[in-house]
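Enquirer: Structure, please.
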Amino acid sequence: MRRAVLVALAALALPSVAHAACRVTATRVEGAAPLTVTFTAQCASASYAWDFGDGTTGAGQTAEHVYRAGVFRPVLTSDADTQPEPAATVLSIALKLSAPPRARYASYVTLHAAVTPRLPVTLRGRRFVHGKLRVRVLGTAPWVARAGNVAATAHVVAIPKLVVRLTGTPVAGSRLRVHAALHPASAGRVVGPKVVLARAGRTASVTVASRPARGWAAVRTTAHRAIALPSLSLGAHGPNVLALEQRLHDLHYAVQVDGTFGDDDVEAIYAFQKVTGLPRTGAVTPTLWRRLLRAQVPRARYPGNHIEVDKEKQVLFVVRGGKVALVVAVSTGATGNTPLGLWHVYRKVTGFDWVLYYPNYFLRGFAVHGYPDVPPYPASHGCVRIPMWVATRVYGEIALGTAIYIYV
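Expert: Below you'll find the model as predicted:
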């Protein structure tokens, strides 16, 4: 009897034994949002009530839930616990990284990071401040930012630097070498001409492009080099003279394209100056270059095939189909006695006829003929003098019966 009483008293004196805690296991609880987490209660219970921490609930020994971005603290209530059992804290991370779509190589750009929940965001050990980080564009590799165990990338198409320059003597007719370099060289390869021909009075221009490597932008650059307008006179030679002669030839002025400024060049310049109303100096100046480069072929006064002599301008036109085919400097009668009107060639002499070289007679002793002295003003006895070197060419252009218009 006494023993039974002692056992009962001992039982009353001992504290009540609590149920063992219901341990909870979960799949990955940190990651990119939306994050799916599966929870499992590791105890036997008649009921399992889950509070997922985001305002939603669930039931069952195993429960799956999808979390939006944020920090959540789910708990489990079961018969095995006298109080709710906290599960692992869930960290569902939404990280977005943005950058300009294109930027120049070696320039600085600002990256923007947006993260939920508020966690430190880093890139290569550097931390974003107020969601911003300034970085330098040095290649095509993407930038990778991290918040917790979540990463986000941003990519900028890099625009390389293309440097183009022209070297060489900037005179007409010369060849300027094109030097092009892409920085960095790994950004692709250069496509474009290697040399540029310089033309008088024009700006030499060249456009070079890149054929981009992967991740790099294609670029184009145009380089310019001014070409000199040199003064030229009798005895000059070289590419500038050649360019001058070629331009005169293109405008149908009689000239020998040989690169040497001789009497033929002086006479061609005289003819150009006469036609355009410039002072008759026979010298080439920058002003004359500018006029020459924008000039057009002179216009004939009459249609058909014929010869025209303009006494006022002191030039002769060989006209074919109503268009000027050749312009020749002349010198007519010093006293103004070269007859005006329409005449026809009635006699031709090959070689010299007294002092007249390859004459083409159109009225009595008046003729179009070659002569050693053809000044830029009227100086003959009445004939139409033309330079000796072009006399045979003009002679070949004039047949018997050819019409010759002489006017002022």
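
Enquirer: how about the strands in the stretch 151-300 of the chain?
Expert: Counting by DSSP state E, counting those that start in this stretch, the stretch 151-300 of the chain has strands at residues 157-159, 161-167, 175-183, 188-191, 195-197, 203-212, 220-226.

Enquirer: which parts of the fifth one are buried?
Expert: What it means is strand 195-197. Residues of strand 195-197 classed as buried by neighbour count (16 or more other CB atoms under 10 Å): V196. Every C-beta, even on glycine, is put in place using the N, C-alpha and C of the backbone.

Enquirer: List the strands paired with it, with their directions.
Expert: If you go by DSSP bridges, strand 195-197 pairs up with strand 175-183 (antiparallel).

Enquirer: Render the CA-only coordinates of the partner strand in CSV, please.
Expert: Output of strand 175-183 as CSV, limited to C-alpha atoms (Å, rounded to 0.1, in the frame of the first residue of the first chain):
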residue,chain,number,x,y,z
ARG,A,175,48.7,58.0,-105.6
LEU,A,176,47.8,58.4,-101.9
ARG,A,177,48.3,55.4,-99.7
VAL,A,178,45.4,54.3,-97.5
HIS,A,179,46.3,53.3,-94.0
ALA,A,180,43.5,51.8,-92.0
ALA,A,181,43.7,50.2,-88.5
LEU,A,182,40.9,48.7,-86.4
HIS,A,183,41.2,49.0,-82.6
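
Enquirer: ok, and what's touching it?
Expert: 105, 160-168, 170, 188-190, 192-198, 204, 206, 208, 210, 219, 221, 223, 225 (CB atoms under 8 Å, 6 or more residues apart in numbering).

Enquirer: can you count the residues close to G131?
Expert: 15 (other CB atoms under 10 Å).

Enquirer: and it, what is it in contact with?
Expert: Contacts of G131 (CB under 8 Å, 6+ apart): 112-115, 121.

Enquirer: What number of residues are in the vicinity of the nearest residue to S107 once chain neighbours are set aside?
Expert: Leaving aside its chain neighbours, S107 sits nearest to V137 (5.5 Å; criterion: CB to CB, 6 or more residues apart in numbering). By other CB under 10 Å, 20 other residues sit near V137.

Enquirer: so what pLDDT did V137 get?
Expert: Per-residue confidence (pLDDT) for V137: 96.

Enquirer: tell me the contacts of it?
Expert: V137 neighbours (CB under 8 Å, 6+ apart): 103-109, 156, 158.

Enquirer: Apply 6 Å and report the result again.
Expert: For V137, the contacting residues are 103, 105, 107, 156, 158, by CB atoms under 6 Å, 6 or more residues apart in numbering.

Enquirer: where exactly do the helices run in the stretch 101-250 of the chain?
Expert: 239-250 (DSSP state H, counting those that start in this stretch).

Enquirer: how deep is the nearest residue to F72 once chain neighbours are set aside tucked in, by neighbour count?
Expert: Nearest non-adjacent residue to F72, counting by CB to CB, 6+ apart: G53, 3.7 Å away. Close neighbours of G53, defined as other CB under 10 Å, add up to 19.

Enquirer: Show the backbone phi and psi for G53.
Expert: Main-chain dihedrals, G53, degrees, to the nearest 10: phi 90, psi 0.

Enquirer: these two touch, right, it and P74?
Expert: Yes: shown here, G53 and P74 form a contact pair, counting by CB atoms under 6 Å, at 4.6 Å.

Enquirer: So which residues make contact with stretch 393-408?
Expert: 302, 306-309, 311-312, 318, 340, 342-345, 358, 360, 362, 386.

Enquirer: Tell me who's in contact with Q314.
Expert: 274, 330 are the contacts of Q314 under CB under 6 Å, 6+ apart.

Enquirer: what's it sitting at in phi/psi?
Expert: phi 60, psi 50.

Enquirer: if we can go back for a sec, I'd like to know which of the contacts of V137 are buried.
Expert: 103, 105, 156, 158.

Enquirer: contacting residues around the third one?
Expert: Spelled out, it's V156. 99, 103, 137.

Enquirer: ditto for the first one
Expert: A103 is in contact with 109, 137, 156, counting by CB under 6 Å, 6+ apart.

Enquirer: Mind listing the strands the helix or strand encompassing E64 pairs with, and their directions?
Expert: Assigned by DSSP states H and E, E64 falls within strand 62-67. Using DSSP bridges, the strands paired with strand 62-67 in its sheet are strand 35-41 (antiparallel).

Enquirer: immediately after the strand it pairs with, which helix or strand?
Expert: Strand 35-41 is succeeded, C-terminally, by strand 48-51 (DSSP H and E).

Enquirer: quick one on the thing from earlier: okay, the strands of the stretch 151-300 of the chain in CSV with mean pLDDT next?
Expert: Listed next are those as CSV, based on pLDDT from 0 to 100:
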stretch, mean pLDDT
strand 157-159, 96
strand 161-167, 95
strand 175-183, 94
strand 188-191, 96
strand 195-197, 90
strand 203-212, 94
strand 220-226, 93
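
Enquirer: And the ones you listed: which comes nearest V330?
Expert: Closest approach to V330 among those is made by strand 195-197 (34.6 Å; CB to CB).

Enquirer: Would you check how far apart F366 and W289 are?
Expert: From F366 over to W289 the distance is 37 Å, taken as CB to CB, to the nearest Å.

Enquirer: Please work out which of the strands of the stretch 151-300 of the chain is packed deepest.
Expert: strand 157-159 (a mean of 19; mean count of other CB atoms under 10 Å).

Enquirer: the helices in the stretch 301-408 of the chain, which residues?
Expert: 388-397.

Enquirer: Could I get the full set of strands for it?
Expert: Under DSSP E, counting those that start in this stretch, the stretch 301-408 of the chain gives strands at 306-310, 315-320, 323-329, 341-344, 347-348, 352-353, 356-363, 366-371, 384-387, 403-407.
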